[in-house]
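> Return atomic coordinates for the entry below.
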Amino acid sequence: SASTAINCIMYKLIRKVNRIISNHNIGVLLVDKKRTIIWANEYILKKYESSGGVIGEEYSVVLRSEEICKKKLETAFERNEIDRTITQYQTNDNRIDYYRTIFIPIQDSNNGVEHVLILIVNLSDSERIAYEVVELNKFLSNVVHNSADAIISLNQEGEIIIWNSGAEVIFGYKADEVTGRNLDFLLPQKLIEDNELGWIKEVVHRENALVNHETERITKSGKIIIAEVTRTLLKNEDNEVIGYSEIIKDITDRKRIEEELKKTIEELSKLNEIAEFVHGTLDENEILNVMLTGVTAGEGFRFNRAFLFLYNEKNGLLEGVSAVGPSNPKDAEKIWPMLSGIKSLRDVLKIYKDNVSKTNTAITEIVKNIKVPVTGEENVFAKCFNSGRHFAVEKEYTSSRDTLDLLDRLNTDHFVVIPLMGRDKPIGVLMVDNAVSGERMHEEEIELLRLLANQTSMAIENAQLYKNLQEKVELLEKTYLDVKKSQRKLMD
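Next comes the predicted model:
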């Protein structure tokens, strides 16, 4: 039959190929449609005789790089195309051998692919080294091109010759826009005036490299980023300088997170210090002074002014009790210079107690004349007191007559009011503003104020309980003395 004739011709061809290559380290396999090895030459048979042979086994017994070879084998069977690849195998002595594997489709009588002839050629040392060099160059090129950092190569004159995709993403320039240019277009004007590139070149030539230099760079859009620059000197075999390699990391986000973390730690430390103060005394006036000072002092939370309102259960009003801060910019000029250079919160409290409190007279008198009912639906103080939530008020967006009146009396166009919550009920509110500087408060700052308000509320409650207990003890002592006095009169 035609099929038998083709098979005879195929085997004759295979034997002829085998005779030609018998003196070389070349393996030959014949694989059918089931991907099973149906024939192998002596080279393959001897190589695998210790493992029980390969005839009748799947092709992957010999071709270990399964994924690559599977694709090439499918190409030969399905597309009737010759394909080739280079694969590596680990020998019994842990050496890596490289093979060029060729897949040759063999057609049946209907021009379909019945079998695939696979040639496995052991590469010579020179070919292996050349292949490894090519693969290494591909790998290094891929690393450079796809790195998230900017990797830039410069010639001896400092002109750009390589500009990777990381540089395109960070700075916004395409490679063809910058090739041949000097790097000064990436520097802010101040660093150009300071000749930073000249200084970097001097350091690199003296020490062969400049590592992790923190500086600034400017993007195509004009955005300033914080960058970490590493530059290395490139030399040829004769030790002659042929250029520079520079890696630039955009560390803007990292620095921002570091600063935020540092700021949070500092603020929590201040909060802890203030909390220690307020819990270290049972004098209510001292607690109020510490809290208000901590809110406004330079070594505290640096708000311009703080006002305290406590709830009077007898009349149902929030009553202004105390305030710290300037009533106007002129007072600020008197207060703030006293505190410049003071590093310790304890020292700040002492300064306030001895000197600054004298300048708070005007603002304290204003706040003491303010009394707010807690039943008003429109009044923001009442809302804060009853809901336990803080409110940020802007004059521009306020329509409540009561709140507008408060803003006018306190001479400000904005404030934040924080509830003072006791163990089982509200005891007052804390109001803070930046009337002098005009800066608005962020949510993080408000959250810290809430933490401080909670600590202060507990301290105030403890002081009030102690005061009530003291009053009861004094009453008992007075009653005891009155009883003794009455007893003496009866005896007389």
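
> Mind listing residues that contact stretch 392-407?
370, 372, 376, 378-381, 412-417, 441, 446 (CB atoms under 8 Å, 6 or more residues apart in numbering). For glycine as for every other residue, the C-beta is placed from the backbone atoms N, C-alpha and C.

> for it, which positions count as buried?
393, 398, 400, 402-403, 406-407 (16 or more other CB atoms under 10 Å).

> what do you get for stretch 314-327?
317-327.

> Repeat that for stretch 232-250.
Using 16+ other CB under 10 Å as the test for burial, stretch 232-250 gives 233, 243-250.

> In helices, which of those residues fall?
Taking DSSP state H as the definition of helices, those contribute nothing to them.

> In strands, which of those residues fall?
Of those, the ones assigned to strands by DSSP state E are 233, 243-250.

> just to revisit the earlier point, can you flag the buried ones in the contacts of stretch 392-407?
Of these, these count as buried by 16+ other CB under 10 Å: 370, 372, 379-381, 412, 414-417, 441.

> Return the member of these nearest to Pro426.
The nearest member of the buried ones among the contacts of stretch 392-407 to Pro426, counting by CB to CB, is Phe381 at 11.0 Å.

> pretty sure that closest one is in a strand, no?
No: assessed with DSSP: H, G, I helix; E, B strand; the rest coil, Phe381 is helix; it does not lie in a strand.

> and the residue nearest to it when sequence neighbours are not counted, helix, strand or coil?
What sits nearest to Phe381 in space, not counting adjacent residues and going by CB to CB, 6 or more residues apart in numbering, is Val372, at 4.6 Å. When classified by three-state DSSP, Val372 comes out as strand.

> How about Met458?
Classified using three-state DSSP, Met458 is helix.

> my read: Phe103 touches Val116, true?
Yes: judged on CB atoms under 8 Å, Phe103 makes contact with Val116 at a distance of 5.6 Å.

> which neighbours do these two share?
Common neighbours of Phe103 and Val116, counting by CB under 8 Å, 6+ apart, are 73, 76.

> Report how many residues lie close to the residue nearest to Asn182 when sequence neighbours are not counted.
Nearest residue to Asn182, sequence neighbours excluded (CB to CB, 6+ apart): Gly158, at 5.4 Å. When neighbours are counted by other CB atoms under 10 Å, Gly158 registers 17.

> Use 26 as the first number from now on
Renumbered: residue one is now 26, and that last one reads Gly183.

> got the contact list for Gly183?
Contact partners of Gly183, counting by CB under 8 Å, 6+ apart, are 207-208, 222, 226, 269.

> Distance check, it against Asp201.
Counting by CB to CB, to the nearest Å, the gap between Gly183 and Asp201 amounts to 19 Å.

> same check, this time on Arg125
From Arg125 to Asp201 the distance is 37 Å (CB to CB).

> more neighbours, those two?
More neighbours surround Arg125 than the other of Arg125 and Asp201, with 16 against 8 (other CB under 10 Å).

> Is that one in contact with Val146, as I believe?
Yes: between Arg125 and Val146 there is a contact under CB under 8 Å: 4.5 Å.

> contacting residues around the residue nearest to Phe406?
334, 342-343, 404, 406-407, 427, 431 are the contacts of Val397 under CB under 8 Å, 6+ apart.

> Swap in 10 Å and give it another go.
By CB atoms under 10 Å, 6 or more residues apart in numbering, Val397 lies in contact with 334, 336, 342-345, 404-407, 410, 427, 430-431, 454.

> same question, Glu241
So Glu241 contacts 211-213, 215-216, 221, 249-252, 277 (CB under 10 Å, 6+ apart).

> Can you select the buried ones from those in ChimeraX?
Command for ChimeraX that selects the buried part of those, burial taken from 16+ other CB under 10 Å:
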select :211,212,216,221,250,251,252,277
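
> Arrange the contacts of Glu241 in a markdown table, one row each, with distance to Gln512 and pLDDT as further columns.
Formatted as a markdown table, the contacts of Glu241 follow (distance: CB to CB, whole Å; pLDDT from 0 to 100):
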| residue | distance to Gln512 | pLDDT |
| --- | --- | --- |
| Leu211 | 96 | 95 |
| Leu212 | 94 | 95 |
| Pro213 | 90 | 94 |
| Lys215 | 89 | 94 |
| Leu216 | 92 | 95 |
| Glu221 | 93 | 95 |
| Ile249 | 86 | 95 |
| Ile250 | 87 | 95 |
| Ile251 | 83 | 95 |
| Ala252 | 89 | 94 |
| Thr277 | 83 | 93 |
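
> Thanks a lot, catch you later.
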